[in-house]
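Engineer: what shape does this take:
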Amino acid sequence: MADMKIFQISVFVENRVGRLSDITEVLAKNGVDIRALCIADTTDFGILRLIVNQPEKAVEALKGEGITVTKTEVIAVRLADTPGALNDILRVMRDRDIIVEYLYAFITRKDADAYVILRVDDNQKAIDALTAKGHRLLKSGEVYDL
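Structural biologist: Below is the predicted model of the structure:
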């Protein structure tokens, strides 16, 4: 599974003017490129989830600025950008009793496929289930180089 380890960084973001910009500025100054992101918020704070090209460097830079950040292992799946493709993956998770804690998707200009980042309760079980059904998982280098 070593090649399949994709690391997402999660950043605690206070809901105040400029805070998101402060975070992206730290990443930019340190040459960290954002590949995908999502943000979930409440009235007082949000959680910014990022896939970046250099997760270790990003964590170090953000922590160096006093920003609360964690690193989480996720999986990345390549799928056709067609109706039902995401449902195929989610059916595999359901059929194998794998809990999807959250997901987010993105596309690139490089090809006609789409990509989904999944946070599940058992990465290896999900990897085994998806590959058994012919789904293409991405290696870390493929994701970070998108």
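
Engineer: burial measure for the residue lying closest to V69 once chain neighbours are set aside, as a count.
Structural biologist: With CB to CB, 6 or more residues apart in numbering as the criterion, V69 has its nearest non-adjacent residue at 4.4 Å, and that residue is L62. In this view, the C-beta of every residue, glycine as well, is placed from N, C-alpha and C. Look at L62: counted by other CB atoms under 10 Å, it has 21 neighbours.

Engineer: so where does L62 fall, helix or strand?
Structural biologist: Here L62 sits within helix 55-64, counting by DSSP states H and E.

Engineer: distance from the chain centre to that helix, please.
Structural biologist: 16 Å (CA atoms, centre = their mean, to the nearest Å).

Engineer: same question for stretch 77-85.
Structural biologist: Centre-to-centre, stretch 77-85 and its host chain are 17 Å apart (CA atoms, centre = their mean).

Engineer: measure that stretch end to end?
Structural biologist: With CA to CA, to the nearest Å as the measure, stretch 77-85 spans 11 Å from end to end.

Engineer: my guess is I67 meets V11, correct?
Structural biologist: Yes. At 6.2 Å, I67 and V11 qualify as touching, with contact defined as CB atoms under 8 Å.

Engineer: okay, and the common contacts of those two?
Structural biologist: Residues touching both I67 and V11 (CB atoms under 8 Å, 6 or more residues apart in numbering) are I23.

Engineer: more neighbours: those two, which one.
Structural biologist: A direct count of neighbours by other CB under 10 Å for I67 and V11 places V11 higher, at 24 against 17.

Engineer: that one bridge partners, please.
Structural biologist: L48, V69 (DSSP bridges).

Engineer: give me every residue that touches it.
Structural biologist: V11 neighbours (CB under 8 Å, 6+ apart): 23, 47-50, 62, 67-69.

Engineer: now do the contacts for the spatially closest residue to R96 that is not a sequence neighbour.
Structural biologist: Among residues not flanking R96 along the chain, A129 sits closest, at 4.3 Å (CB to CB, 6+ apart). The contact partners of A129, by CB under 8 Å, 6+ apart, come to 92-93, 95-96, 98.

Engineer: any idea how far V69 is from A129?
Structural biologist: 30 Å (CB to CB, to the nearest Å).
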